[in-house]
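J.: Take this sequence and fold it.
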Amino acid sequence: MLLGIVAATIWSAWRSIRPPAPQIAAAAAPERGGTLTATLRSEPRSFNRLVARDFPTDLASLFTHGKLVRVNRATDEIEPGLAESWTASPDGLRYTLTLRDGVRWSDGEPFTADDVRFSFEAVFDPAVNSVLASALTVDGRPLAVETPDPRTVIVVFPGPFGPGIRLLDNLPIVPRHKLGAALAAGTFAQAWGAATPPAEMTGLGPFVLARYEPGQRLVFERNPHYWRRDDEGAQLPYLDRLVLEIAPDQNAEMLRLQSGDVDMLQLPLRAEDIAVMRPLAREGRLRVLELGVSTDPDSFFFNLRPGFWAKDPRRAWLPRDEFRQAISHAVDREAFADAVFLGAAVPIHGPITPGNTRWFWPNVPRYAYSTDTAASLLAGLGLKNRDADEWLEDEHGTEVRFTVLTFRGNTVMERSTAVLRDALKAVGIAVDIVPLEQGALIQRMLDGGFDSIFFNFASTDLDPAMQKDFWLSSGSAHVWNIGQASPATEWEAEIDRLITRQASTIDQAERERLFHEVQRIFAEHLPILHFAAPRLYMGVSTRVEHLTPAVTRPQLLWSADTIGVTAAATR
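T.: The predicted structure is shown next:
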């Protein structure tokens, strides 16, 4: 009862300081120069985006690499990138792209169509085992690339693809002159690891990595050869330097924002930070930007790799659909939203949230809160309280208990797992929580050494056809059973078929219908459970200008080349 009162008070405080919706862009360009400092919660696993998918690696790639086209995350529209224009064949299978003239890599070497062809070769090389490969296929087949001259790239789709050229936003272009030897030698997957000296790396993005101090910070400096210019013809980026301070603990991260040590946080504000933000907002030191409902909800999932449970005494019931369905019934999502996000969240029943307005399906099957239904499902699995303690046991006396891994220092995740633990205790399920540093948790996820994980995934695109690495059983982000040679279950095989059809269909209404069916199957089998999606509020210093906020991560830094800082407060 006390928690509900606290939640109501904090939510009221949010409303009292909530500013108008943020402007997409300032009317006038900012002054050139200065340093912007943001936070980063964990270390990059690599600087090679083709082989690593963690958020710090992706963010570094966003700063230092270029793409042929990009999706504007504020408008969700496709924009020219390294390709200044393109034409499509009448059947939509052949795109002819014209590259910008005079573009150079950050080391001064000329960029040509040969680099584009090389990037595709690297992604589809089996020895590389690229995490981007499945996201650059159509109907399971790779794109073909032709380069008739240095400024022309022809991309041939093996079949119809609903999002069309939007697919190319998945591929950062990498330099043949730097990585060609590694690909030829079969060592591309090890190239540009986290220990690589920054001077050995080059890119086409607005910044170059100047310094990486493990456990402390990443320092990016202006790329002197960056091709992009603003409407007045001034070369971007506006900033001289962008610094990411590594701050694993959310409380310490928040203190750095309060003190003015950093200009913005990488993650949205927590609801409990409102009382702190209120006087700072009144003083004009900080702004609070309201962006809407998150499109990336926190996810709870079990290890569904069949081999993992082969010798485990829990194998008869823990990997079963009914066990996950019982958990879904046992969690009161309204109470979860109140307890974890202090009311600043909406209950959800699947991975697509109301924030993704185009693909959200309000009729997705739901699991109403009912401890009686949960108990009935558990009893159907032969799980009963056989020894008069507070936990259920199976017929062999094995206690109904599992371990959930989550991020250490992330108070939202830690609170989520605690609420889940308490909810499941009420139906006789014991949960042991193990917080890990983010890199260690990701490694356990990739290796398959876990019972369950509470995690957050940052999607790079809202279109499901652009997330095939998640939906397809063979995908590198199919986290409950990654990279299957063939579907482990019939329902995964059916999702494979539906997603492939959905991606290959041009008609938008049919694409939506097919994806509704995908969501129905997903909800029935619950490989991942979702409970609430937070409303997003970003804290940013008033010295930062020309922001273009978006609802997807990174909400403020996705267009870092157009951000500026006020001259009066330049670091």
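J.: CA-only coordinates of stretch 33-44 in PDB, if you can.
T.: Below are the C-alpha coordinates for stretch 33-44, written out as PDB (Å, rounded to 0.1, in the frame of the first residue of the first chain):
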ATOM      1  CA  GLY A  33      33.100  23.100 -31.600                       C
ATOM      2  CA  GLY A  34      33.100  21.900 -28.000                       C
ATOM      3  CA  THR A  35      32.800  18.500 -26.300                       C
ATOM      4  CA  LEU A  36      29.700  16.600 -25.400                       C
ATOM      5  CA  THR A  37      30.000  14.000 -22.600                       C
ATOM      6  CA  ALA A  38      27.500  11.200 -22.200                       C
ATOM      7  CA  THR A  39      27.500   8.000 -20.200                       C
ATOM      8  CA  LEU A  40      27.800   4.300 -21.300                       C
ATOM      9  CA  ARG A  41      26.800   1.500 -19.000                       C
ATOM     10  CA  SER A  42      29.300  -1.200 -20.200                       C
ATOM     11  CA  GLU A  43      32.400  -1.800 -22.200                       C
ATOM     12  CA  PRO A  44      32.300  -2.500 -26.000                       C
END
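J.: Show the average pLDDT along that stretch.
T.: Average pLDDT, stretch 33-44: 94.
J.: same deal with stretch 130-145?
T.: Rounded mean pLDDT across stretch 130-145 is 90.
J.: contact partners of it?
T.: 49-53, 116-117, 120, 122-124, 153-161, 167, 170-171, 466-469, 472, 474-477, 500, 503-504 (CB atoms under 8 Å, 6 or more residues apart in numbering). (Each C-beta comes from the backbone N, C-alpha and C, glycine too.)
J.: Out of those, which sit inside strands?
T.: Among the contacts of stretch 130-145, the residues falling in strands (DSSP state E) are 153-156.
J.: Which one of these sits in the busiest neighbourhood?
T.: V153 (27 neighbours; other CB atoms under 10 Å).
J.: shouldn't it be in contact with T147?
T.: Yes. Counting by CB atoms under 8 Å, V153 touches T147, with 5.7 Å between them.
J.: tell me, what's touching those two both at once?
T.: In contact with both V153 and T147: 113, 116-117, using CB under 8 Å, 6+ apart.
J.: Tell me the most packed of those, by neighbour count.
T.: V116 (25 neighbours).
J.: Give me the residues contacting stretch 514-522.
T.: 350-352, 359, 361, 363-365, 464, 471, 491, 494-495, 498-499, 501-502, 505, 528.
J.: Quick one: buried ones out of these?
T.: 350-352, 359, 361, 364, 464, 471, 491, 495, 498-499, 501-502, 505, 528 (16 or more other CB atoms under 10 Å).
J.: Quick check: next helix or strand after the biggest helix by length in the chain?
T.: The longest helix of the chain (DSSP state H) is helix 508-525. As assigned by DSSP states H and E, the chain's next helix or strand after helix 508-525 is strand 528-529.
J.: Quickly run through the sheet partners of that next one, with directions.
T.: strand 298-302 (antiparallel) (DSSP bridges).
J.: circling back to that earlier point, tabulate the shared contacts of V153 and T147 (a markdown table), appending distance to G483 and pLDDT.
T.: Listed next are the shared contacts of V153 and T147 as a markdown table, based on distance: CB to CB, whole Å; pLDDT from 0 to 100:
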| residue | distance to G483 | pLDDT |
| --- | --- | --- |
| A113 | 31 | 98 |
| V116 | 26 | 98 |
| R117 | 26 | 98 |
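J.: List just the nearest of those to F336.
T.: Of all the shared contacts of V153 and T147, V116 has the smallest distance to F336: 46.0 Å, by CB to CB.
J.: show me what contacts the nearest residue to the closest one once chain neighbours are set aside?
T.: In space, and not counting its chain neighbours, V116 is closest to V153: 4.9 Å by CB to CB, 6 or more residues apart in numbering. By CB under 8 Å, 6+ apart, V153 lies in contact with 68, 83, 96-97, 99, 113, 116-117, 145-147.
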